[in-house]
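S.K.: got a structure for you, letters missing:
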């Protein structure tokens, strides 16, 4: 069964420092992976996805993620954090269901707090 | 434009009320989704429509009744809800649901539902 784990409930980082939000996955077949961000009382905003190709995926707002097949990881990174990056981040993996339909399985979420 | 709109933003209802949540997208997407999200938790998939037909029902109680009147609109009819149904209800859409790698799901801002 497909699953995704975000091992950290919260990540704290100082503004201007690099940030990493961790995600590991378990899938059968090809992994299709996504990162979303959620600000308070808002919907989820798409950041980036890995479908195939380069292991380093670049996304919105300066975020990038590195796909590592041997470690089954898809960590989200940013070279220099901003206070405005403080939000809840979700990693998600595609799961195939009956009928060949795609659905997303979300991790528990990681709260990122960037301090001035 | 990757906008999904949802109305109302907030809804308070009693356990005997009937209400509806509305979702609209004009991106030409053929798959639309309803998610339920409790505070500080990941979204949980409820229903998926593909080409205006119900494709996935994640064993949701019958007090939630989805409807897809056309390819741009998705409704969620609510009746006889319980206080534990209070949550943020998110709508999403994507280009296509089945037959290949998953397309990006784009989320609306959500409806904050409180059941008294």
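M.R.: Looks like it arrived, so ask away. For clarity, every value in this text was computed on a predicted model and none was experimentally measured.
S.K.: Where does the nearest residue to residue A:49 once chain neighbours are set aside sit, in terms of helix or strand?
M.R.: Nearest residue to residue A:49 in three dimensions, chain neighbours excluded: residue A:34, at 4.6 Å (CB to CB, 6 or more residues apart in numbering or on different chains). (C-beta placed from N, C-alpha, C; glycine too.) Secondary structure assigned from DSSP states H and E places residue A:34 in strand A:33-38.
S.K.: elements contacting the helix or strand of chain A with the lowest mean pLDDT?
M.R.: Ranked by mean pLDDT, DSSP states H and E, the weakest helix or strand in chain A is strand A:101-106, scoring a mean of 88. Contact partners of strand A:101-106 among helices and strands, from 3 or more CB pairs under 8 Å, 6 or more residues apart in numbering or on different chains; DSSP states H and E: strand A:3-5, strand A:87-97, strand B:44-50, strand B:53-57.
S.K.: returning to what we had before: immediately after the strand holding residue A:34, which helix or strand?
M.R.: Using DSSP H and E, the helix or strand that follows strand A:33-38 towards the C-terminus is strand A:44-50.
S.K.: Report the distance from that next one to the chain centre.
M.R.: Taking CA atoms, centre = their mean, to the nearest Å, one finds the center of strand A:44-50 at 8 Å from the center of the full chain.
S.K.: strand partners of it, parallel vs antiparallel please.
M.R.: Note on strand A:44-50: by DSSP bridges, its sheet partners are strand A:33-38 (antiparallel).
S.K.: List the contacts of the strand it pairs with.
M.R.: By CB atoms under 8 Å, 6 or more residues apart in numbering or on different chains, the surrounding residues in contact with strand A:33-38 are A:4, A:23, A:25, A:44-50, A:59, A:63, A:65, A:67, A:74, A:76, A:87-94, A:104, A:106, A:109, B:104, B:107.
S.K.: If burial is judged by neighbour count, which of the residues you listed pass?
M.R.: Neighbour-count burial (16 or more other CB atoms under 10 Å in any protein chain shown) is assigned, among these, to A:4, A:23, A:25, A:44-50, A:59, A:63, A:65, A:67, A:74, A:76, A:87-94, A:104, A:106, A:109, B:104, B:107.
S.K.: so which of the helices and strands packed on strand A:101-106 gets nearest residue B:72?
M.R.: Across the helices and strands packed on strand A:101-106, residue B:72 has its closest neighbour in strand B:44-50 (11.4 Å, CB to CB).
S.K.: I'd like to know which elements the closest one is packed against.
M.R.: strand A:101-106, strand B:31-37, strand B:53-57, strand B:64-70, strand B:73-79.
S.K.: Out of the ones you listed, which one sits most buried?
M.R.: The highest average neighbour count among these, using mean count of other CB atoms under 10 Å in any protein chain shown, belongs to strand B:31-37 at a mean of 24.
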